[in-house]
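Visitor: What would the 3D arrangement of this be:
(chains A, B, C and D)
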Number of protein chains: 2
Amino acid sequence: MSTAEETAGGEMQPWAEVTPEAARRLLVAAVEAFAERGYHATTTRDIAGRAGMSPAALYIHYKTKEELLHRISRIGHERALDILRTAARREGTATERLADAVSSFVRWHAGGRTTARVVQYELDSLGPDARAEIVALRRQCDAEVRGIIEDGIAAGEFEVLDVRGTTLAVLSLCIDVARWFNIAGPWTPDEVGALYADLVLRMVGAHKAPAAGK
Amino acid sequence: MSTAEETAGGEMQPWAEVTPEAARRLLVAAVEAFAERGYHATTTRDIAGRAGMSPAALYIHYKTKEELLHRISRIGHERALDILRTAARREGTATERLADAVSSFVRWHAGGRTTARVVQYELDSLGPDARAEIVALRRQCDAEVRGIIEDGIAAGEFEVLDVRGTTLAVLSLCIDVARWFNIAGPWTPDEVGALYADLVLRMVGAHKAPAAGK
DNA sequence: GGCCTTGCTAAGCGCTCGCTCACCTTCGGC
DNA sequence: GCCGAAGGTGAGCGAGCGCTTAGCAAGGCC
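Guide: Next up, the predicted model:
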């Protein structure tokens, strides 16, 4: 299984780039708390407590509570874009690349559900400047997926009525995995990824099956 | 266009069942505020202000802020179930009924985006008892859609790998409309409903087109 | 050994939150 | 014209919020 996320230069430890260690502990604690209760319902005391520190320690490493959300959101979106971009630009037919993109993206949303929830659903809690930066990253995600679909249409592999709408629906389907996964059913991230890749290929009217990719 | 929502006994004024009028005004104000900022970021002063009343007036009609969310969520879910049930139990082939269910359900999420956002995304802000009641309604929504898909398979109209997973994906796709609609693109609720009905029929491998339904 | 710098804590500031309470209208019944 | 109920208000309570500040322990440098 040589799929997008292993070859994207991504770390296995998703927050390894955050230093020093105390700042990373606080950030991981914030991800968990935000995913569980939501940004506004999470207190700085809760975050510091989960990291085993006093409330004041948070403000040595971060200027505000919102900066924590901003850094989480930016790193998460960069990772998401990385996954999609790697799948979009690998070799192979549009069918294979779309299946890879969807299964990788879904696996990320299912496996890292805590992170993905924060990344995908707490966007409105950011201030205008931070939100604008993140929205730009999201548009790039959209462009990568739309690119694959347009390639598939040009190559005669896909049959799509509305490229823009179908792109949005494909991304929407993947993103919403972060909301329901692990609440509803007994699937592994791999299983959901495979199922969703099949569903998406049907949505774009792909003519031939992907190359046995999981 | 004789589709689910017109024949479901639903009101055109969605909150008509809430009386007296002051209680309804407060509830409508709460829906708007919750949809804009989220439950936890909304203050009781904000809700009362939007309704043109003093903060204390809220507590004449509702015991707590959470009771407001609970009532909104229950009425909204009952409406959603109503839409799906009407489409599921009308006459017609499984293909026609599924297309009707999806397009009606999507139109409701797109058109009443403020309400749908609260209903679909603020579930975790409810306490355990209220949440359990709402989750039961959601399971009934799931059962209605699964029923149509199983009918379609039995009738040889659909080809589906995983009934439970596909059902979940169909509902997920529709629900997520409440998150992105009116942010991303220039579609009307009708257009999104029609596009999504087509996409979902592809997902279930429907063999013949639906009967010209919008 | 004296002395900064770094990373942290205990205490608490100012503020706003959900919610309450004492009181004030308005109005139908008689 | 008086009365009680229903529906409203202004002021404010206790609690908890995001964030700040004064001070402390530890380690490298001279």
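
Visitor: which stretch of helix or strand covers the nearest residue to A:Leu137 once chain neighbours are set aside?
Guide: Counting by CB to CB, 6 or more residues apart in numbering or on different chains, A:Leu137 lies nearest to A:His77, which is 4.2 Å off, once chain neighbours are set aside. Any C-beta I mention is one placed from the backbone N, CA and C, and that applies to glycine too. Per DSSP states H and E, A:His77 falls inside helix A:65-89.

Visitor: Return the distance of the residue nearest the centre of chain A relative to A:Ala16.
Guide: Geometric centre of chain A, nearest residue: A:Ala80, 4.1 Å, by CA atoms, centre = their mean. Counting by CB to CB, to the nearest Å, the gap from A:Ala80 to A:Ala16 is 17 Å.

Visitor: same question, A:Ala130
Guide: According to CB to CB, A:Ala130 stands 22 Å off from A:Ala16.

Visitor: same question, A:Val31
Guide: With CB to CB as the criterion, A:Val31 and A:Ala16 are 14 Å apart.

Visitor: Next: A:Ala206.
Guide: Distance from A:Ala206 to A:Ala16, by CB to CB: 37 Å.

Visitor: Comparing these two, which residue is more hemmed in?
Guide: Legend: neighbour count by other CB atoms under 10 Å in any protein chain shown for A:Ala206 and A:Ala16, higher for A:Ala206 (23 against 10).

Visitor: pretty sure that one contacts A:Thr95?
Guide: Yes. Contact criterion CB atoms under 8 Å: A:Ala206 and A:Thr95 qualify, at 4.9 Å.

Visitor: intersection of neighbour lists for those two?
Guide: Contact criterion CB atoms under 8 Å, 6 or more residues apart in numbering or on different chains; residues shared by A:Ala206 and A:Thr95: A:152, A:157-158.

Visitor: Tell me the one among the residues you listed nearest to chain B.
Guide: Within the shared contacts of A:Ala206 and A:Thr95, the smallest distance to chain B is 11.0 Å, found for A:Phe158 (CB to the nearest CB).

Visitor: any idea whether the closest one is helix, strand or coil?
Guide: Following DSSP: H, G, I helix; E, B strand; the rest coil, A:Phe158 is assigned to coil.

Visitor: so it touches A:Gly205, yeah?
Guide: Yes. When contacts are counted by CB under 8 Å, A:Phe158 is listed as touching A:Gly205 (5.5 Å).

Visitor: element containing A:Ala110?
Guide: Counting by DSSP H and E, the element that carries A:Ala110 is helix A:94-111.

Visitor: now A:Ala136
Guide: helix A:128-154.

Visitor: So is that helix next to DNA strand D?
Guide: No. Shown here: helix A:128-154 not in contact with DNA strand D (CB under 7 Å from any atom of the strand), separated by at least 13.0 Å.

Visitor: Quick one: name whatever helix or strand follows that helix.
Guide: Once the chain leaves helix A:128-154, the next helix or strand it forms, by DSSP H and E, is helix A:163-175.

Visitor: Okay, buried residues for that following helix please.
Guide: Neighbour counts using 16 or more other CB atoms under 10 Å in any protein chain shown place A:164-175 of helix A:163-175 among the buried residues.

Visitor: ditto for stretch A:49-63
Guide: A:50-51, A:53, A:57-58, A:61-62.

Visitor: Same question for stretch A:107-124.
Guide: A:107-123.

Visitor: So it, near chain B or not?
Guide: Yes. Counting by CB under 8 Å from any CB of the partner chain, contacts between stretch A:107-124 and chain B involve A:121, A:124.
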